[in-house]
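[1] output the structure for:
(one chain, ligands or ions: 2)
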Amino acid sequence: MILDDTIVALATSPGSGAIAVIRVSGPDALHITAPLFKAKNKTSLLDQKSHTLQLGNMVDGERIIDESLVSVFKGKRSYTGENTVEISCHGSPFIQQEIINLLLREGCRSAQPGEFTLRAFLNGKMDLSQAEAVADLISSDNAASHQLAMQQMRGGFATEIQKLREELLNFASLIELELDFAEEDVEFADRKQFQELVFRIQKVLGKLIDSFAVGNVLKNGIPVAIVGEPNVGKSTLLNSLLNEERAIVSDIAGTTRDTIEDEISIGGVGFRFIDTAGIRETTDEIEGLGIKKTFQKIEQAQLVMYLFDAHKIKNENLTLAQVKTEVEKIKNRFPGKPLLIVANKTDVLSKADQQNFQQQIQELHLISAKENLGVEALQDKILSFVNTGALRSNDSIVTNSRHYDALLKAQAEISKVQEGLNLGLTGDLLAIDIRQALYHFGEITGQITTDDLLGNIFANFCIGK
Ligand SMILES: Nc1nc2c(c(=O)[nH]1)N(C=O)[C@@H](CNc1ccc(C(=O)N[C@@H](CCC(=O)O)C(=O)O)cc1)CN2
Ligand SMILES: Nc1nc2c(ncn2[C@@H]2O[C@H](COP(=O)(O)OP(=O)(O)OP(=O)(O)O)[C@@H](O)[C@H]2O)c(=O)[nH]1
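    Ligands and ions are numbered 1, 2, ... in the order given. I've put the predicted structure just below:
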C-alpha cells in the first residue's frame, strides 16, 4: 500500500530563494525527522504540539546543515490527512538538497508529482474534483480562473452531485430490493417520487452542462481573433492593452512567434489574442490558403477585432471602401459573430480625417496603440462582449472537461431512466440504467476511480503539491 511510505519533496519552487519549504508526509514523518532536528528549546518534534512551529538546527550527527523553522501537523489533522512535517530552511539549492538527501537516507522516499494531494484525496480530506481544483488554483493567473478554482475547491457543484447521487442510490437500492420480491409484485420505490427526483437531476445536469461553455473559456482565456495586415500595429496594441493591466504575456506552448497567441488579462478576465493575416487579397492560390486559415481562426473566436492602419488610407492605395468590403466579408461569412472594427495610428491623422472616417463607418473605434489613445475605451468594449454574469452569480460553473464528459454521460443515462419510467419498465431494467448514471456521478467526485484515472490527474501536478 503506497500510504505506508513516508514521502518527501520540496514544496516551494526549485532554485534559490529567501526561504524554501520541504514537506514530509506519512506514518513515519515525525520519527524520521525528529533525530535530524535539534530544537532550540530542546523539545523533540515527537512532543511538539500539532500546528506549531519551532526554531532549531537541522543536523546530520554533529554537523549543522541549517538553522530552520520546523512545523508539525499530527495524525489526520493535516493537509494530507497523515503526519506531516514542514521544514522552512534557508533557500539555497545546496541546503535544500542536503536536507532532502538526509531525509531520503533516513527512510523517506521522493514524492511523485501531486502525491501529497493524492494522499489528501485517498485519506478522505477532499474529493477528486477538489483535488483537481488545487491544480487549477496553482495555475490560475487571473481573477476569473482564480475564482473558478476557489469555488471548485470549496466543493462547488460536487457537493450537489454528491447529494443527488445519494438520493439516486437510495432509489436504486429500493428498486433492487423489489427484484427480490419479484413474485409478489410490490413497489418499494415510489414511482412518482422517483420521477420527481429524476426530473430534478435532469435540471441540475442541464444547467451544469451549459455552464461549461462559459467555464471553459473563462479558464482557458476567451479567444479573440485579430484580423489585420502585417504592420497595422497588432503587437503594439497587445502591448498597450497589456500595460494597462500589468498582466502576463505568454506564448502559448506549441505556437511560434509568427502565429502569435498572447494571453492578456483585462478586467480580471483572461483573453487569448490570436493573430491572423488579412483577408483582402483574392486571386492568388497561396494567398487563398492563408485566407482559409484566417477564416478558421475567426470561426473559433468569440470576438473578432478587425484592425487596419488609418495612416495607410491617407498615404497609400488603401481605400475606406476596401476596408468596408473586408468587414462585409467577415459579417456575411459569420453572421452574429461579435466584430470590432478598429482604426489604428489615428495619432497621425487630423481631427477632420478622424471625423470623416467615423462618419463613413459608424461602428468604428479610433485608437492609437502607440500613443495609448482610445485603448481604455476599447478594453471596456472588449469586456462588454463577455458574459461574466455567471462568475458573479452563485451558480456553479464546470471548467473541467473530465467532469463535463461525465456529466454528459450521466445525462444520457438519466434520460434512459426517465424514458423507462414513462414506459413503465420493470425494476430490473431501470436498475441497469440507474447504476450507469451512478457510475458517472461517482467519476466526478471520486467514488469511482481507476489507477489510470488517478495517475492521469495527479501526474499533471507539480512535485511537492
Ligand atoms: N506551509 C504550508 N502552507 C500551505 C499549505 C501547506 O500544506 N503548508 N497548503 C497546502 O496546500 C495550503 C493550505 N492548506 C492546508 C489545508 C489544511 C491544513 C490542515 O492542517 N488541516 C487540518 C487542520 C485544520 C484545522 O486546524 O482546523 C485538517 O484538515 O484536519 C493545512 C494546510 C496553502 N499553504
Ligand atoms: N504612428 C503610429 N504608429 C504605430 C501605431 N501602432 C503601431 N505603429 C507602428 O507600426 C509599425 C508596426 O507595428 P506592429 O505592432 O509591429 O504591427 P503588427 O501588426 O504587429 O505587425 P506584424 O507583426 O508584422 O503583423 C511599428 O513601427 C509601430 O511602431 C500607432 O498607433 N501610431
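[2] show me what Ile274 is bridged to.
    Per DSSP bridges, the residues bridged to Ile274 are Ala225, Glu261.
[3] looking at it, it is touching Gly228, isn't it?
    No - Ile274 is beyond contact range of Gly228, at 11.6 Å (criterion: Cβ atoms under 8 Å). Every residue, glycine included, has its C-beta placed from N, CA and C.
[4] distance of Val70 relative to Ala149?
    Val70 sits 30 Å away from Ala149, going by Cβ to Cβ, to the nearest Å.
[5] neighbour count: the two, which is higher?
    Val70 (25 against 22; other Cβ atoms under 10 Å).
[6] and stretch 343-362, which residues are buried?
    Judged by neighbour count (16 or more other Cβ atoms under 10 Å), stretch 343-362 contains these buried residues: 343-347, 349, 353, 357.
[7] among the residues you listed, which ones lie close to ligand 2?
    Intersecting these with the contacts of ligand 2 gives 344-345, 347 (criterion: Cβ under 6 Å from any ligand atom).
[8] inside strands: which ones of these?
    Secondary structure defined by DSSP state E assigns Asn344 of those to strands.
[9] make CSV from the ones next to ligand 2 among the buried residues of stretch 343-362 and add pLDDT and distance to ligand 1 to it.
    Below are those laid out as CSV (pLDDT from 0 to 100; distance: Cβ to the nearest ligand atom, whole Å):
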residue, pLDDT, distance to ligand 1
Asn344, 94, 44
Lys345, 93, 48
Asp347, 93, 48
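[10] and the stretch 151-300 of the chain, which residues reach ligand 2?
    Counting by Cβ under 6 Å from any ligand atom, the stretch 151-300 of the chain sits next to ligand 2 at 228, 230-236.
[11] which ones among those residues map onto helices?
    Among these, the members found in helices (DSSP state H) are 234-236.
[12] of the buried residues of stretch 343-362, closest to ligand 2?
    Lys345 (3.7 Å; Cβ to the nearest ligand atom).
[13] leaving out chain neighbours, which residue sits closest to the closest one?
    Once flanking residues are discounted, Lys345 sits nearest to His311: 4.2 Å by Cβ to Cβ, 6 or more residues apart in numbering.
[14] same question for Phe121.
    Nearest to Phe121 is Ala131, by Cβ to Cβ, 6+ apart, at 4.6 Å.
[15] burial count for that neighbour?
    Neighbours of Ala131 under the rule other Cβ under 10 Å: 24.
[16] sticking with it, tell me its helix or strand.
    Element membership of Ala131 [criterion: DSSP states H and E] is helix 128-139.
[17] just the CA coordinates for that helix, please, in CSV.
    C-alpha atoms of helix 128-139 as CSV (Å, rounded to 0.1, in the frame of the first residue of the first chain):
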residue,chain,number,x,y,z
LEU,A,128,-11.5,14.2,-6.5
SER,A,129,-12.9,17.4,-8.0
GLN,A,130,-11.5,19.4,-5.1
ALA,A,131,-8.1,17.8,-5.7
GLU,A,132,-8.3,18.8,-9.3
ALA,A,133,-9.2,22.3,-8.2
VAL,A,134,-5.9,22.5,-6.3
ALA,A,135,-4.0,22.2,-9.6
ASP,A,136,-6.3,24.8,-11.2
LEU,A,137,-5.7,27.1,-8.3
ILE,A,138,-1.9,26.8,-8.7
SER,A,139,-2.1,27.6,-12.4
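[18] report the buried residues of it.
    Neighbour-count burial for helix 128-139 [16+ other Cβ under 10 Å]: 128-137.
[19] and for stretch 455-464?
    Going by 16+ other Cβ under 10 Å, stretch 455-464 has these buried residues: 457-458, 461, 464.
[20] briefly note if it comes near ligand 1.
    No - taking Cβ under 6 Å from any ligand atom as the criterion, stretch 455-464 and ligand 1 are apart, separated by no less than 9.8 Å.
[21] residues contacting that stretch, please?
    Applying Cβ atoms under 8 Å, 6 or more residues apart in numbering, the contact partners of stretch 455-464 are 9-12, 23, 111-118, 128, 131-132, 134-135, 138, 402.
[22] can you spell out which helices and strands pack onto the helix or strand that Arg272 is a member of?
    Per DSSP H and E: Arg272 is located in strand 269-276. Counting contacts by 3 or more Cβ pairs under 8 Å, 6 or more residues apart in numbering; DSSP states H and E, strand 269-276 is packed against helix 143-153, helix 191-220, strand 222-227, strand 261-266, helix 285-300.
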